[in-house]
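Q: Sequence plus predicted model, see below.
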Amino acid sequence: MNQTPKNFEELEVRITADYPSLSRRLQQTARFLLDHPQEVAFATVAKLAQEAGVTPSTLIRFANSCGFGGFSEMQQLFRSRLVDELPNYTERIRAVRSATGETPDSTQLLWEFADANREALERLPGRIDPKCLSQTLSILDRAPAIHVLGIRRSFAVASYMAYALHHIEKRAFLINGLGGMQGEQVHAMGPEDALIAISFSPYAEESYRAAEQARDRGAPVVVITDSNLSPIARLADVSLVVHEAEVKSFRGLSASLCLAQALAIALGMRKDKAQEQLPCPGDEGRA
């Protein structure tokens, strides 16, 4: 029998492992809980159930399935995690306010979006495994060409990624589906090329199919997504999970764009360093 998780990290591992065997409603609950840890930490069961689109009893049943006696017992792990990440009272108060569902005026809303995106950016480096970054750069460096795909909200990140890759003189192709040609664009991917697939909830079926085709063709797949439970993450050679800011159900892109920029510039620096180490013409004959 599985032991009750003692901290948020153990809970996340437990949910990820149990996810495939859960019912559709409990899977919906699992996605909401992991995607909205700040709200889960402070909101009431009734409010969370409304936002997740489930009944309060479903939240309690989910907590019981993870080994907890009730929802408040599981919620304490979310609170402990948030207190660890937000050490001062100002940040904790801000977290509570964002969970209460207040309706601010335009100036307040601007401040909330700015603060939420700042916090997402501050947490980004700690959430990305350095080994995954290194593996991603190695894949992109080896690839003769990089194909980049993002549907709907993630298109902005994909288009910037392709733009940045062009400017470091790396062959890159944006899979934009123009003229209904997405299938042909994906088919142009060679087995030594690489695919960067960017997909956020609700996950685009087109991105999943493109990642499947890339794997079938032998091309490595780098995924930028928002959850380890993302369907496309299971197809990735490397998966980079980004937690974006969210204010009143509107999610930002600041962290994802920051990650894309960092990847492109790091790749450019790696290429430049490799070129510096190449022997200059005529050096071979010098003693």
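A: Nice, I can see it.
Q: ok but residue 228 is inside a strand, no?
A: No - counting by DSSP: H, G, I helix; E, B strand; the rest coil, one finds residue 228 to be coil, located in no strand.
Q: right, and it touches residue 239 too?
A: Yes - between residue 228 and residue 239 there is a contact at 7.2 Å, judged by C-beta atoms under 8 Å. C-betas here are computed from N, CA, C, even on glycine.
Q: Could you find the closest non-adjacent residue to residue 40?
A: Among residues not flanking residue 40 along the chain, residue 78 sits closest, at 4.6 Å (C-beta to C-beta, 6 or more residues apart in numbering).
Q: Enumerate every residue touching that neighbour.
A: By C-beta atoms under 8 Å, 6 or more residues apart in numbering, residue 78 lies in contact with 8, 33, 37, 40-41.
Q: again, only using 10 Å
A: 8, 11, 33-34, 36-43 (C-beta atoms under 10 Å, 6 or more residues apart in numbering).
Q: How far off centre is whichever strand or helix holds it?
A: Assigned by DSSP states H and E, residue 78 belongs to helix 71-85. Centroid separation between helix 71-85 and its chain, computed with C-alpha atoms, centre = their mean, to the nearest Å, is 21 Å.
Q: mean confidence for that helix?
A: Throughout helix 71-85, pLDDT has a mean value of 80.
Q: Confirm residue 263 sits in a helix?
A: Yes - judged by three-state DSSP, residue 263 forms part of a helix.
Q: For it, give me the pLDDT.
A: Reported pLDDT for residue 263: 94.
Q: where does this protein have low pLDDT?
A: Under the criterion pLDDT under 70, the flagged ranges of the chain are 1-2, 82-105, 247-249, 278, 280-287.
Q: Contacts only, for residue 233.
A: With contact set as C-beta under 10 Å, 6+ apart, residue 233 has these partners: 16, 197, 199, 203, 211, 221, 223-227, 239-241.
Q: ok now stretch 17-30, how far from the chain's centre?
A: So, by C-alpha atoms, centre = their mean, the centroid of stretch 17-30 is 19 Å from its chain's centroid.
Q: For that stretch, buried residues please.
A: Neighbour counts over stretch 17-30 (16 or more other C-beta atoms under 10 Å) mark 26-30 as buried.
Q: So which of these are in helices?
A: Counted as lying in helices by DSSP state H, out of the buried residues of stretch 17-30, are 26-30.
Q: List just the nearest of those to residue 71.
A: residue 29 (10.6 Å; C-beta to C-beta).
Q: how much space between the closest one and residue 61?
A: According to C-beta to C-beta, to the nearest Å, residue 29 and residue 61 sit 8 Å apart.
Q: which neighbours do those two share?
A: Residues within reach of residue 29 and of residue 61 at once, by C-beta under 10 Å, 6+ apart, are 23, 54-55.
Q: Phi and psi next, for the residue lying closest to residue 120 once chain neighbours are set aside.
A: Among residues not flanking residue 120 along the chain, residue 245 sits closest, at 4.0 Å (C-beta to C-beta, 6+ apart). The phi/psi pair for residue 245 (degrees, to the nearest 10) reads phi -70, psi 150.
Q: isn't residue 245 right up against residue 36?
A: No - the criterion here is C-beta atoms under 10 Å, and residue 245 misses it with residue 36 at 11.7 Å.
Q: which one of those two has more residues nearby?
A: Taking neighbours as other C-beta atoms under 10 Å, residue 245 and residue 36 compare with residue 245 leading, 23 against 19.
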